[in-house]
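[1] Output the structure for:
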Amino acid sequence: MEPYLSFFIAGLVGLFLAGLTFWFARKSGLQPAQAALIDTLKDNVDAQEDQIRLLKGDLAVERTARQGLEEKVQRLQAVVVELVTENAELRKKAGLPVKGVEL
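    Residues are numbered from 1 along each chain as shown. Okay, here's the model as predicted:
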């Protein structure tokens, strides 16, 4: 019987403390402050979600631009390799030394 009695007493004390806290919050006027805080937090969350959406859009644009630039760089590298090869062949045909050309 003792474990049940202590559980029952602890439950009553917890219930009393919860009621006392609720009464104190109503009496002290915390509810309007809590409502204002909740509204502010909701507005902050909405603003952050909007900012995240904008940043994701900017990131997609940047990724697309980067992919385009990487493709241009690869094409330019291929052109440079062709020009270096052609230059080396022309130097050989002209009898000029070919130095420092590594492909």
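[2] What's the separation between Q77 and R91?
    Using Cβ to Cβ, to the nearest Å, Q77 is found at 21 Å from R91. All C-beta spots, glycine's among them, are computed from the backbone N, C-alpha and C.
[3] between these two, who's got more neighbours?
    R91 (14 against 10; other Cβ atoms under 10 Å).
[4] What separation is there between the more buried one and F8?
    For R91 relative to F8 (Cβ to Cβ), the value is 101 Å.
[5] now the helices for the protein?
    2-28, 30-94 (DSSP state H).
[6] Format those helices as CSV; extra columns: mean pLDDT.
    Below are the helices of the chain laid out as CSV (pLDDT from 0 to 100):
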stretch, mean pLDDT
helix 2-28, 87
helix 30-94, 93
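[7] Could you list the buried residues of stretch 32-42?
    Buried residues in stretch 32-42, counting neighbours by 16 or more other Cβ atoms under 10 Å, are absent.
[8] Equivalent analysis for stretch 52-72, please.
    Buried, per 16+ other Cβ under 10 Å, within stretch 52-72: nothing.
[9] to the chain's geometric centre, what's the distance from stretch 19-39?
    35 Å (Cα atoms, centre = their mean, to the nearest Å).
[10] Ok, stretch 88-103 next?
    51 Å.
[11] now what about it, what contacts it?
    The contact list for stretch 88-103, computed with Cβ atoms under 8 Å, 6 or more residues apart in numbering, reads 81, 84-85, 87.
[12] Using PDB, write out the CA atom coordinates for that stretch.
    Extracted in PDB, the C-alpha atoms of stretch 88-103 (Å, rounded to 0.1, in the frame of the first residue of the first chain):
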ATOM      1  CA  ALA A  88      55.000  21.300 -82.000                       C
ATOM      2  CA  GLU A  89      54.500  19.600 -85.400                       C
ATOM      3  CA  LEU A  90      55.100  22.900 -87.300                       C
ATOM      4  CA  ARG A  91      58.300  23.600 -85.300                       C
ATOM      5  CA  LYS A  92      59.500  20.000 -86.200                       C
ATOM      6  CA  LYS A  93      58.700  20.700 -89.900                       C
ATOM      7  CA  ALA A  94      60.500  24.000 -89.800                       C
ATOM      8  CA  GLY A  95      63.500  22.400 -88.000                       C
ATOM      9  CA  LEU A  96      63.100  24.500 -84.900                       C
ATOM     10  CA  PRO A  97      63.700  23.000 -81.500                       C
ATOM     11  CA  VAL A  98      60.600  21.900 -79.600                       C
ATOM     12  CA  LYS A  99      61.200  22.700 -75.900                       C
ATOM     13  CA  GLY A 100      59.000  22.300 -72.800                       C
ATOM     14  CA  VAL A 101      56.000  20.900 -74.500                       C
ATOM     15  CA  GLU A 102      54.300  18.400 -72.300                       C
ATOM     16  CA  LEU A 103      50.900  17.100 -73.200                       C
END
